[in-house]
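Undergrad: Have a look at this prediction, sequence included:
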Amino acid sequence: VDLLRMNCELLATCSALGYLEGDTYHKEIDCLESVKDLIRYLRHEDDTRDVRQQLGAGQIVQNDLLPIIIQHGQDKALFDACIRLMVNLTQPAMLCFGKVPDDPVFRHHFLQVTSHLQAYKEAFASERVFGILSETLYTFLQLDWEQRQEEDNLLIERILLLVRNVLHVPADPSEEKKVDDDASVHDRLLWAIHMSGFDDLVKFLASAQSEQQWSMHVLEIISLMFRDQTPEALVSAGHARSVEEKLRDSQELEALRQREQAAKRSRTLQRGTRHSRFGGSYVVQGLKSIGDRDVIYHRNLHNFKNYSHDTGKEVRRVPKRNRQAKECKDKRRSALNVRLFLREFCVDFLENCYNHLMMHLALKAYQELLLTVNEMDRSQDESIRQSSNVIKSNIFYLMEYREIFLTLLRKFDETKQPHSYLKDLVESTHLFLRMLERFCKGRRNLMVQRKRVKRKKSHAEKNQSPPETSPEALEETWKIVEEELRATGFQLSESLTEGIVPFDATSETPLEEQRTEAMVRVQDALLTRLGPEALGLLRAAREVWPEGDVFGSADVEPEEELELLKQILHANLPRSSPPEPMVEDDDDGAELEEEELESVQVSETEFNFLDFVKRFASPNIVRPYLLLLKSYSKNTPHTNHCITRMLHRLAVDLKMDALLYQLSVFNVFNKILSDPAASAYKELVTFAKYVLNRFFSLAAQNNKAYVELLFWKNVGAVREMTEGYGKEGEEKKPTWTEEEEEELRKLYEEHCHSEVPDIVETLLPLLSNSNRTRRQVVTQLVRMGLVDNAKELKKQKIGTRIVLWTEEQEQELQMLFEDNCTFIDRSRARVVDKLLSMGLVSERRELYKKRSRKAQGKSSGKGMTEEEFLAELTQGSPDDSMDRDDEEDGEDESEESEAEEDEEQEKGESQNGIRRSQGMHSTVKRRADVGTMVNALQQEGMSGPLLWLQNCLNKTANDREEDGFSQPVPLVPLTEANEDAMDNKSFQKLLRKLGMRAPANEQESFWRIPAKISVSQLRNAAAALSSREDEPEGGEQRAQALRALLLARKRKHYTTEHSGMCGNSIIVALSYQMTPVNYSFIGKG
């Protein structure tokens, strides 16, 4: 009953609108009220959208609403109401139902609403309709912002929404049945938009700064206008087709014609000359039916090719989740005139509107973010300021946020971007630099993200066979690598050196254990004949592992690096076997590798604010500032300040005022200085006078300075203008006077026949000019003809210490490990690495020293051996930490004589003892509870982590005392033992006792030394971590003497006490008397 009454009310309301007689529409008196009633009915429609369906079936839009706005558009109230009603009626069916309904009944209603929308769209494809819409919109856009009423803005938005809704209506290809190059309903709608001039209004709304509030509506309209188009079709519109295109079209047409003729012949053969009601039955031999017999076919033979066992069966319905994904709808080619219009629209939009519409909005959003964070910094609430610091750390850490202003300034184009955009860009850059400068103050090491594009080898390249390693092949490879390196002069490009990382920071393998892998990577680069990459890896590894000269010493010569690479190429290095690939993942792996042919390598680097500002020292960045400075009289004081501050950073902070020595800049300065209102621009006047004074001072020395005003200058030109026009590096070459050459000749002749190991090192202290370097002396000796080449003066190294093990040495090491009856002449770290690689031990901790923990009460030494007494006396001394560092870090020991080793070790122990004695005589008393906890942790084997914590506290105290300010310092464990200690509950309890702060939230990973702890408190805490009570100076000296005595006794009598050794004792034993290897290049060891 309600539905019928609603139908009657709708019919009565629609009848009260008026009627159409021919082309004239006669409206009724109650037309406006009837339109409002229809709007009210739509507001209360049910879930089936019954009102919408009935109005669509009655064609109210086609027969009433469109004629009303065309013929009675002067009635503003009626026009506004009709637009409101049509916006509601044309909204997408997806918005009405929320989604495509799954229920068949509601899906039917959904399709009904869609069909009505398609009918509306066809009715809107009229120039008269869009003509009245364009006129109305143009009238409102002519009004200034202050003159527009709120109703005017609402009507503008409703017109844009109406056009958006009509363009959004999907096409119905089954009803239109249009082919390419034929005008569809959508094409006719676009042509009506073009002919009415509505497209020009859209471009105006996109480019006008005062109409930015309609940007999203404009974007939607433009997107829907190009919904069915392809860039290729639009670009080729209006151009003559090429011969290839014509040939391709003719071939397609010919294929279609042949297919049609074949179908026609087939249909002709299927018709019999005489009709027969009895087609007959046939037995199909070889094709079995359900049983064992052949199939019996009861139809004409010409249909047999379509025979299937599934004929007559019910089609099985496939569930929706198992259906194949539908292909995207094919694009169609619109009529030529429509494509030409759209192409011209694209060109105009990209040239005049795109940058205004997209880039300026994004810049304003970023500027708003920076302003909000800047205000948070000024808040009185501590929590808000902490949140601000977290946001700023994330902004400054990411490279995209840091360098966006550099990119925007470089790409600024005054023909594409307005003056207001440049103003916002300059002010945002000033705000960002000011916040970044404040953030960097008080922070020593600010780490930021850095990205580089890195190309990876393709799947085919990775699966290539390994290079041949026969002696002949290695010699051939070495010749190629050597020639390549000599041709480059052993110089590596900056991109190559920056992209090489010799270790994997994400690997669980400790950094020290990745040393062998780095050596293998160098060898792999040599085997693939990549000489520069191998040299770069070698130098990078030398910086990571400088101890022991494993990858060469810090001052190694290029020729020695070449010989080192040759030894690595011929070495038999241990390699880890790669994991076996999974068969079922081959395809996925191949696809992944193909997709990652070019990836972005992300790393971290230390940030320097001054280096970042130097990147703004470029003419491409100064020009936009000058362009904005030309309108200084119209700029706000804040804008002029932002310009002056940036130019001040370049001219004063970077001392590159010559970057501003350009005629256009001086012309602006002249206008500022001669301006009657110059007193209002004091900052600009002061800066202009500073730059001009600097220029005239330079012009007095450089007579070409006035010519330089005609050109913009880069950094190199600035340096030449201020420092001279000589070639770069020409004045830096060292010159030798005749007296110095004669002095060098006499000294060389005196010492050339002596038996000194290095004649250059002998000559250097004897020269009168003490600033001469080794390289300068070697170069001069070669130039004077005293030596033939620099190879004769090659510096003798102690040893590069490459880990090269022969098969005999491996067998000897295995025998020594099994019976432990002799000693080997190898360093401890080398033996540990080799034992791990040979699989004789499973992990490094099995070879740690086993120390016996005695009770603290055994201090008198009664009933103890001398070694036990010494161990008790020196418990927790730096010796233990040094030994543990040797075990865990695997540092290389010197290959000098044993006497030199003992002398250096005793000297180091003596120095450590003196420092410890000074610590024990401090007046600070440790707390008893901390001492108890320290003793307990030492008994658990945590002497190393305790010493590391003590060093951190002392270092932080020294830093705070020198700098005069405090900030939280994270406790970052770099060794496995320290990491285990930081996870230990007892150790964490000690940290809390000492006042350390645990990670506050999920953004922090490490414990921290709070900023509120004073220097004296830090030193008290460090002193409390000592393992024993203070002793007099004589006791410390006696402990040092006993340590030296025990070390000498162990060296002297080790051969008689080697039985029953385990763990670390095995390593010490194996490190002494293994047969040495004679490497002529490596050194005399």
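TA: Sure thing, it's come through. Everything quoted here is computed from the prediction, not taken from an experiment.

Undergrad: and the next element down the chain from the helix or strand containing Leu626?
TA: According to DSSP states H and E, Leu626 maps onto helix 619-629. Sequence-wise, the next helix or strand downstream of helix 619-629 (DSSP H and E) is helix 637-648.

Undergrad: Which strands and helices lie in contact with that next one?
TA: helix 419-440, helix 619-629, helix 682-699 (3 or more CB pairs under 8 Å, 6 or more residues apart in numbering; DSSP states H and E). All C-beta spots, glycine's among them, are computed from the backbone N, C-alpha and C.

Undergrad: Past it, which element shows up next along the chain?
TA: Sequence order places helix 663-673 as the next helix or strand after helix 637-648, per DSSP H and E.

Undergrad: Does anything pack onto that following helix? Which helices or strands?
TA: helix 619-629, helix 682-699.

Undergrad: Pipe those into TSV and attach distance to Tyr19 per row.
TA: Formatted as TSV, those follow (distance: least, CB to CB, whole Å):
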stretch	distance to Tyr19
helix 619-629	62
helix 682-699	72
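
Undergrad: Minimum distance to Val831: which of these has it?
TA: Among the helices and strands packed on helix 663-673, helix 619-629 comes nearest to Val831, with 58.5 Å by CB to CB.

Undergrad: neighbouring contacts of that closest one?
TA: Contacts of helix 619-629 from elsewhere in the structure, counted by CB atoms under 8 Å, 6 or more residues apart in numbering, are 406, 409-410, 412, 414, 419, 422-423, 425-426, 635, 639-640, 643, 646-647, 650, 659-660, 664-665, 668, 712-714.

Undergrad: would you put the C-alpha positions of that helix in CSV?
TA: Output in CSV follows, covering the C-alpha atoms of helix 619-629 (Å, rounded to 0.1, in the frame of the first residue of the first chain):
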residue,chain,number,x,y,z
PRO,A,619,73.8,29.1,-10.2
ASN,A,620,70.7,27.0,-10.8
ILE,A,621,69.7,27.6,-7.2
VAL,A,622,70.8,31.2,-6.9
ARG,A,623,68.8,32.2,-10.0
PRO,A,624,65.3,31.5,-8.4
TYR,A,625,66.4,33.6,-5.3
LEU,A,626,67.4,36.4,-7.6
LEU,A,627,64.1,36.2,-9.5
LEU,A,628,62.2,36.5,-6.2
LEU,A,629,64.5,39.3,-5.0
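
Undergrad: Give me the buried positions along it.
TA: 621-629 (16 or more other CB atoms under 10 Å).

Undergrad: Let me know the angle separating that helix from helix 682-699.
TA: 130 degrees (axes from the mean of the first three to the mean of the last three CA atoms, to 10 degrees).

Undergrad: how about low-confidence regions in the stretch 1-150 of the chain?
TA: For the stretch 1-150 of the chain, the stretches flagged by pLDDT under 70 are 1-6.

Undergrad: Tell me where it has helices.
TA: Counting by DSSP state H, counting those that start in this stretch, the stretch 1-150 of the chain has helices at residues 2-15, 31-43, 50-57, 60, 66-71, 76-89, 93-97, 104-124, 127-142, 150-168.
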